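Student: Provide a 3D model corresponding to the input given below.
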Amino acid sequence: MIGPFGQVAMLTAAILGSGVGVVYTQHINRQLFIQLQKLQAERDHLEIEWELLQLEQSTLVTDVAVEDAARTRLHMRIPDPGEVLYITPDEPSKK
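Tutor: Purely as a prediction, here's the structure:
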C-alpha cells in the first residue's frame, strides 16, 4: 500500500501531467487556428484571382478582341470586294 507521501506524489504528478497536456493541446489548437486563417486568406485570394481570370477570359473572346488579335498578331485584313471569289456548287448531273 502507498503511504500518504506516495499518494501526494502521485496526485502531484497527475496534476502536472494534466496541466502539461492542457498547455500542449492549447498550443496545437492555436497552431491549427493560425493555419486555418492562412488557408482561408489564400482561398479568398484565389477566389478573387479566379473571378478576374474569368472576366479576362470573357473579354478576350469577344468579336472585337478576336478581330484585333487577327489584325495585329496575324496581320490579317478584310479583303476588298473585288478580291472575293464566290463559288457556287455545280448542278447535280442528271443521269
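Student: Tell me, how many residues neighbour A70?
Tutor: When neighbours are defined as other CB atoms under 10 Å, A70 has 13 of them. Just so you know, the C-beta spots here come from the backbone N, C-alpha and C atoms, and that holds for glycine as well.
Student: For it, which residues are in contact?
Tutor: M76 (CB atoms under 8 Å, 6 or more residues apart in numbering).
Student: what's the spacing between it and G82?
Tutor: Distance, A70 to G82, using CB to CB, to the nearest Å: 21 Å.
Student: Retrieve the pLDDT associated with S93.
Tutor: According to the prediction, S93 has pLDDT 69.
Student: tell me which element R77 falls in.
Tutor: Per DSSP states H and E: R77 is located in neither a helix nor a strand.
Student: for G21, same thing?
Tutor: Going by DSSP H and E, G21 is in helix 4-60.
Student: chain center to that helix: distance?
Tutor: 21 Å (CA atoms, centre = their mean, to the nearest Å).
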